[in-house]
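what follows is a predicted structure for the sequence shown.
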Amino acid sequence: MDSISVNQFRDNLKAFVEKAVNDHMPLKVTRRSGEAFVVISADDWEREQETLYVLQNNSLMRQIAESMTTHTQGSGYIPKEAEIDEITRF
């Protein structure tokens with residue numbers, strides 16, 4: 001993650017925001033007091049929050065582990081063609 005001063009950020013606000021949004025690269029902005037904040041796109045923020053939710057949910061993590069096991073063993077559920085069509089239909 002790149003790091004810049006709050007003065008650099010203020011002077012080039014639009015360019016740094018565009019970079020965070022378009023390149024999906026968070027930017028750490030440091031203040032003279034030593035405190036810092038991070039600029040991140042809303043899409044990236046939502047994705048991070050979803051990831052944290054899954055990682056903190058023991059039930060979901062257990063389901064993922066079980067799915068990986070059955071997938072690796074080739075013993076998982078195999079959907080019927082009609083089910084696949086229903087899922088992929090737009």
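The structure has been received and is ready for your questions.

distance from the chain centre to the helix or strand where T72 lies, please.
Assigned by DSSP states H and E, T72 belongs to helix 58-73. Averaging C-alpha positions (CA atoms, centre = their mean, to the nearest Å) puts helix 58-73 21 Å from its chain's average.

go through that helix and flag the buried ones.
By neighbour count on 16 or more other CB atoms under 10 Å, the buried set for helix 58-73 is empty. The way it works is simple: take the backbone N, C-alpha and C, and place the C-beta from them, glycine included.

same question for it, mean pLDDT?
For helix 58-73, mean pLDDT is 93.

contacts for that helix next, please.
54-55, 76-77 (CB atoms under 8 Å, 6 or more residues apart in numbering).

mind doing that once more with 10 Å?
Helix 58-73 is contacted by residues 53-55, 57, 75-77 when judged by CB atoms under 10 Å, 6 or more residues apart in numbering.

tell me the helix or strand right after it.
helix 81-88.

name the helices or strands packed onto that following helix?
Where contact means 3 or more CB pairs under 10 Å, 6 or more residues apart in numbering; DSSP states H and E, helix 81-88 is not packed against any helix or strand.
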